[in-house]
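*Asks:* I need the structure of the sequence given here:
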Amino acid sequence: MTEVETRLKSLQLHSDPEQGSPYWIELFKNSPLNIADVAENPLLLPPMEPEVLRNHPLEYFMPKKVIQQHDYLITGETSGFSGKPIMTAFSATEFRAAFVTPFLERAAAVKFPVAGKWLWAGPTGPHIVGKAIRAILKTVGGFDPFTVDFDPRWYKRLPENSISRERYFNHIEEQIFNILNTQQVDVLFSTPPVIRMLAAKMSETARQQIRGVHYGGIALDYTEYQQFKTAFPNAVHLNGYGNSLFGVFLEIDFTAAGIEYSAESKRVDLALVNNADGKIVPTAAGETGQVMLSRYDESFMIINMLERDIAVKTANGILNPHTEKKYKQVKVLY
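*Replies:* Predicted coordinates:
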């Protein structure tokens, strides 16, 4: 199925007057646009505002047909770092396509030790990432990840450089080392601040035993990434980019210019665009643009949602996604 055919199939379902989703039924009912034309050129529609998703229940965006099928639907929320969290849902097949298959395919290509014993320090819910890591490990078999529940929303609410924030991070650190000091751990998965702490406090022998490091949560720059590779010299290192609404795109290259991520997907369009005189225009390879994502799933359709991040378009994806003002602090994953 071509990209246009994929978009048209999703548009036909979501706009169907009997079986579609209320949001898209109403939008096309009051629009002169033809869905076939939108499938050919999604930029005919204006950017979809996050506030719309924040202020309505899931059922407003989900086709009646999908809800009536009574299949198990997986819910998840965005981080809330840029405003009130947004909730979405995936069918089991869509969830696998969004979060499991991309990781496993890239992991196989770079020989990431997926089947090892993982230590996951991050949110177990309602963020999607905790559900994703368990789905990945269920696929390959072995142990459920050793888990430390790190709530980034609460951590962010605590004043920077405060005793309360320090105590909360110390609480996370203590739990992590309780695991590391008693269990065999092959793979670390956490945010750069946690990996930074581990690089500083784990013994050299312990760091050499780590075979894989997977990063999520915030952007990572070249200098620090290189430091992590040095700190864990026997590990395969792998970053991901994406969020709970759309899925994940995996690192495909790492150079002094930054980290490059694949933009390949059969269900999500990842584009870089610029606003030229009020008109959204796609960027060319080598140009910098704002990240814009569209999702064409049966359970949920989002078209032309602009993210805060900017990046450089490459032949195979995007390079160095980040915000202009807060490069390392910004939440860019899950």
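
*Asks:* Check the offset of the longest strand seen in the chain from the chain's centre.
*Replies:* Among the segments of the chain that qualify as a strand by DSSP state E, the longest is strand 301-313. Remark: strand 301-313 is offset 12 Å from the chain centroid, using Cα atoms, centre = their mean, to the nearest Å.

*Asks:* which is the next helix or strand following that strand?
*Replies:* Downstream of strand 301-313, the first helix or strand assigned by DSSP states H and E is strand 317-322.

*Asks:* Just checking: what are the partner strands of that following strand?
*Replies:* Sheet partners assigned to strand 317-322 using DSSP bridges are listed as strand 258-262 (antiparallel), strand 301-313 (antiparallel).

*Asks:* For Pro46, which of those is the nearest?
*Replies:* In terms of Cβ to Cβ, the element of the strands paired with strand 317-322 nearest to Pro46 is strand 301-313, at 7.0 Å. Placement of C-beta: from N, CA and C, glycine included.

*Asks:* Report the backbone C-alpha coordinates of the closest one in CSV.
*Replies:* Taking only C-alpha atoms (Å, rounded to 0.1, in the frame of the first residue of the first chain), the coordinates of strand 301-313 have been written out as CSV:
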residue,chain,number,x,y,z
MET,A,301,-5.8,10.0,13.3
ILE,A,302,-3.8,13.2,13.8
ILE,A,303,-2.9,15.3,10.8
ASN,A,304,-0.2,18.1,10.7
MET,A,305,0.6,18.5,14.4
LEU,A,306,3.5,20.9,14.9
GLU,A,307,6.0,19.9,17.6
ARG,A,308,8.2,22.4,19.5
ASP,A,309,11.4,20.9,18.1
ILE,A,310,13.4,22.0,15.2
ALA,A,311,15.8,19.7,13.2
VAL,A,312,17.8,19.4,10.0
LYS,A,313,16.3,17.3,7.2
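
*Asks:* just checking, next helix/strand downstream of the lowest-mean-pLDDT helix or strand in the chain?
*Replies:* One helix or strand of the chain scores below all others by mean pLDDT, DSSP states H and E: helix 152-157, with a mean of 89. Counting by DSSP H and E, the next helix or strand C-terminal to helix 152-157 is helix 163-180.

*Asks:* in that next one, what counts as buried?
*Replies:* Going by neighbour count (16 or more other Cβ atoms under 10 Å), the buried part of helix 163-180 is Arg165, Tyr168, Phe169, Ile172, Glu173, Gln175, Ile176, Phe177, Leu180.

*Asks:* same deal with stretch 14-26?
*Replies:* Those would be His14, Ser15, Asp16, Gln19, Gly20, Ser21, Pro22, Tyr23, Trp24, Ile25, for stretch 14-26 by 16+ other Cβ under 10 Å.
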